[in-house]
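# I'd like to go over a predicted model; first the sequence, then the structure.
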Amino acid sequence: MQLGNVVVGQSGGPTSVINSSLVGVFKTAKDAGCPHVYGMRNGIEGLLKENFIEMSDYVKNDLDIELLKRTPSSFLGTCRYKLPDFTKDEETYKKIFAILNKMDIKHFFYIGGNDSMDTIDKLSKYSEIIKSDITFIGIPKTIDNDLACTDHTPGYGSAAKYIAAAMKEIIRDATTYSTDSINVVEIMGRDAGWLTCAATLSRSEDCAGPDIICLPEKVFDYDKFMNKIADIRKEKKVITIAVSEGIKTADGKYVCEANRRSMTEDAFGHKTLGGTALYLADFIGGETGVKSRGIVFSTLQRCASHLVSRRDITEAFTAGADGVQLALNGETGKMITFERISNNPYQLKTSSCPASAVANVAKMVPDEWIINDGAYVSKEFAEYARPLIIGELSPFMVDGLPRHLFLD
């Protein structure tokens, strides 16, 4: 077992349980005897600026640990920074390793998604070339649930729980009136529709669930879409539709592009999405004359820690803790993965895979789970997702509101 100083960072979009993974790294490393656990402020960008904190200065006791586990968003701050190819820009890597060596870092952990695993892959490969003994381990995180090689990702269960609960409330609210109405609910998901699929979990004995679910995995066709609405209107006065923000038409354009003059891009070339539901609600209202409303969950679905899944927060901690054990055993260039053993009873074990197998790859919703001519999802999806939303973990309430741990 190789002990030594640890550095950990968070990258990409936050989740309501990403800090539970951070706690898993911190507590396991300290319990193992690692002298220092440093936190990068704003991920790899913070590392390059030598902007760190000593985690023990802020997480001082068991109460702080429990507070941090319940705190949404990224405690250390985040970034969307794409490391260059080291064959084209070696100076960036020389700077990173000079900083790591100056701090006597032996283990590097990055909590993030596809792009973060690209960072782990590149750093571990460069480390091998220069014969460094630093280990690099990725801790999975994303509400999108689109990482390859793992059954699901920490963050997804809590976001799915929020979406399903909010969908039930929206449907209950919409049925208050006797007039016809159509609600279009926009849910995050650029390439993969895992989050939008979660809307079907609202179906139960007290809720019919959404009537249409539109995913990025299927081409969006306006005519087919409006025909489905017309068919449903023959039997129902109130219609609820769940759509992924990233749905595209046959020409490859995002539906939300129809309502925007231009779309900005991040460092990884991803277009900034949003407004799909608002545009479709206007379109539907114009075509049908029916009162139509667009509802956008936006950041609420990834930061609603007041409705966190206990199972999700526990698995997020486990991912961080097992990542430390992996590094202490000398592994590098790996990402922690989840392998489901059974649904009923729900059983899971952790393993690992090369970060290169996850970097810049998106795992799609299986085609066989998309039914009704691309307008709904099957019971097999519900059987897969429902165990992930089970259990609650109440926040610590102060003056009627949740208390969080934070950095100035």
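Arrived safely, thanks for sending. Fair warning: this is a prediction, and the values are worked out from it, not measured in the lab.

# all contacts plus neighbour counts: C-alpha atoms, from now on.
OK.

# what's around residue 351, how many residues?
Around residue 351 sit 16 other residues, with neighbours defined as other C-alpha atoms under 10 Å.

# from residue 355, how far off is the spatially closest residue to it that is not a sequence neighbour?
In this structure, residue 351 finds its nearest non-sequential neighbour in residue 337, 5.1 Å apart by C-alpha to C-alpha, 6 or more residues apart in numbering. Distance of residue 337 to residue 355, given as C-alpha to C-alpha, to the nearest Å: 10 Å.

# higher neighbour count, those two?
residue 355 (28 against 25).

# quick one, what contacts the residue nearest to residue 351?
The neighbours of residue 337, taking C-alpha atoms under 8 Å, 6 or more residues apart in numbering as the test, are 140, 149, 150, 151, 319, 350, 351, 352, 353.

# where does the stretch 201-350 of the chain dip in pLDDT?
The model of the stretch 201-350 of the chain has pLDDT under 70 over residues 259-272.

# quick one: end-to-end length of stretch 29-46, please.
21 Å.

# residues near the closest residue to residue 360 other than its chain neighbours, how many?
If the residues on either side of it in the chain are set aside, residue 360 comes closest to residue 114, at 5.0 Å by C-alpha to C-alpha, 6+ apart. Residue 114 has 24 neighbouring residues, counting by other C-alpha under 10 Å.

# check contacts around residue 114.
147, 358, 359, 360, 361, 362 are the contacts of residue 114 under C-alpha under 8 Å, 6+ apart.

# please enumerate the strands of the stretch 51-200 of the chain.
For the stretch 51-200 of the chain, the strands defined by DSSP state E, counting those that start in this stretch cover 52-54, 105-112, 135-140, 181-187.

# and the first one, what's buried?
Neighbour-count burial for strand 52-54, counted by 16 or more other C-alpha atoms under 10 Å, picks out 52, 53.

# the stretch 151-300 of the chain: helices as residue ranges?
Taking DSSP state H, counting those that start in this stretch as the criterion, the stretch 151-300 of the chain carries its helices at 156-174, 194-197, 222-233, 276-288, 300-303.

# got the angle for the longest one vs strand 181-187?
When you say that, I think you mean helix 156-174. Here helix 156-174 runs at an angle of 170 degrees relative to strand 181-187 (axes from the mean of the first three to the mean of the last three C-alpha atoms, to 10 degrees).

# name the helices or strands packed onto helix 156-174?
Judged by 3 or more C-alpha pairs under 8 Å, 6 or more residues apart in numbering; DSSP states H and E, the packing partners of helix 156-174 are helix 194-197, helix 300-303, helix 310-328.

# need the contact partners of the longest one.
Same thing as helix 310-328. By C-alpha under 8 Å, 6+ apart, helix 310-328 touches 1-3, 17-18, 20-25, 27-29, 69, 107, 109, 135-140, 154-158, 332, 335-337, 350, 388-393.

# about what we covered before: what lines up beside the helix or strand in which the residue nearest to residue 351 is found in the sheet?
Element membership of residue 337 [criterion: DSSP states H and E] is strand 334-343. Strand pairing for strand 334-343, using DSSP bridges, gives strand 135-140 (parallel), strand 346-354 (antiparallel).

# switch these over to JSON lines; also include distance to residue 231.
Shown next, in JSON lines, are the strands paired with strand 334-343 (distance: least, C-alpha to C-alpha, whole Å):
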{"stretch": "strand 135-140", "distance to residue 231": "42"}
{"stretch": "strand 346-354", "distance to residue 231": "38"}
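
# for the helices and strands packed on helix 156-174, which one sits closest to residue 345?
The closest of those to residue 345 is helix 310-328. By C-alpha to C-alpha, the value is 13.4 Å.

# quick one: buried residues of the closest one?
Neighbour counts over helix 310-328 (16+ other C-alpha under 10 Å) mark 310-328 as buried.

# picking that back up, any idea which of the contacts of residue 114 is closest to residue 399?
For the contacts of residue 114, the nearest to residue 399 is residue 147 (38.8 Å; C-alpha to C-alpha).
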